[in-house]
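>>> I would like the atomic coordinates for the input below:
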Amino acid sequence: PTQEGPPPRAVVFDLTLLQVPEALEEAPLESLLYTAFDLETTGLDPEKDAILALGGVHVLGQRVLRQEAFEALVDPGRPIPKVSSEVHGLTWEMLKGKPRLEEVLPAFRAFLEDSVLLAHNGAFDMAFLRRVGIHQPPLVDTLLLSHLLFPDLKDHRLEALAERFGVPVVGRHTALGDALMTAEVFARMVPLLKEKGYRTLGEVLRACAQLPLAKLTY
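The predicted model follows:
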């Protein structure tokens, strides 16, 4: 019999993350520094679960700056449910003795500084980061961009987009692996967005805010 897999990560959106600061409203997409990031966690509840890993990479316009990457594993101070370990491969035995989250956060916060956040289904990750004092809108979400660019596409998962754009699926469900994949997918989306007339950050995020998916309440 086929073993049931872990529950999928919830699709979550938060319209406050799509608000553009006035200074960035007219900034062309290819002129901005982004930080593609991802988290791995003990579970799916931002109120109760803990961060286990943080990964990020800078993207300058359409260039993924692989030499500017961030990766950290975190000791959560508690056992990790087996169902979560089956997704990301992280166990408490592996993480015992790693830095605690409060030790890692200053470096991660510095890595995000002066950049536009970029993630796939990133409102989920932002719910975890908000709890530890990181709230830095706007957020460019490749899941919303996929719905904007490909409204008839049935599968908007990160690995499906990677396959569509010819991006190798390496390190799936690791924080840095997913951040790199998100960065590469976004870099290939920028020319398509421009073809559709979305040239500035403000235009893109306003269009995303109008998507039915962005307005769902959870």
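
>>> okay, now residue 125: neighbour count?
26 (other Cβ atoms under 10 Å). Where C-beta positions appear, they are placed from N, C-alpha and C, glycine not excepted.

>>> In this model residue 117 seems to touch it, though I could be wrong.
No: with contacts counted by Cβ atoms under 8 Å, residue 125 stays clear of residue 117, the gap being 9.0 Å.

>>> list the residues that contact both of the two?
residue 37 (Cβ atoms under 8 Å, 6 or more residues apart in numbering).

>>> Which elements pack onto the helix-or-strand element of the chain with minimal mean pLDDT?
When the helices and strands of the chain are scored by mean pLDDT, DSSP states H and E, helix 82-88 comes last with a mean of 85. Judged by 3 or more Cβ pairs under 8 Å, 6 or more residues apart in numbering; DSSP states H and E, the packing partners of helix 82-88 are strand 33-41.

>>> May I see the buried residues of the strand it packs on?
For strand 33-41, burial by neighbour count (16 or more other Cβ atoms under 10 Å) applies to 34-41.

>>> what does stretch 17-27 give?
Going by neighbour count (16+ other Cβ under 10 Å), the buried part of stretch 17-27 is 17-18, 20, 27.

>>> ok, so of those residues, who is nearest residue 214?
Comparing those against residue 214 with Cβ to Cβ places residue 18 closest, at 6.9 Å.

>>> Can you give me the pLDDT of that closest one?
Looking at residue 18, its pLDDT reads 84.

>>> cool, residue 12 as well?
Residue 12 is assigned a pLDDT of 60 by the prediction.

>>> Name the nearest residue to residue 47, ignoring sequence neighbours.
residue 131 (7.7 Å; Cβ to Cβ, 6 or more residues apart in numbering).

>>> Next, count neighbours for that neighbour.
The number of residues near residue 131, taken as other Cβ under 10 Å, comes to 14.

>>> Isn't it up against residue 49?
No: judged on Cβ under 8 Å, residue 131 makes no contact with residue 49 at a distance of 9.9 Å.
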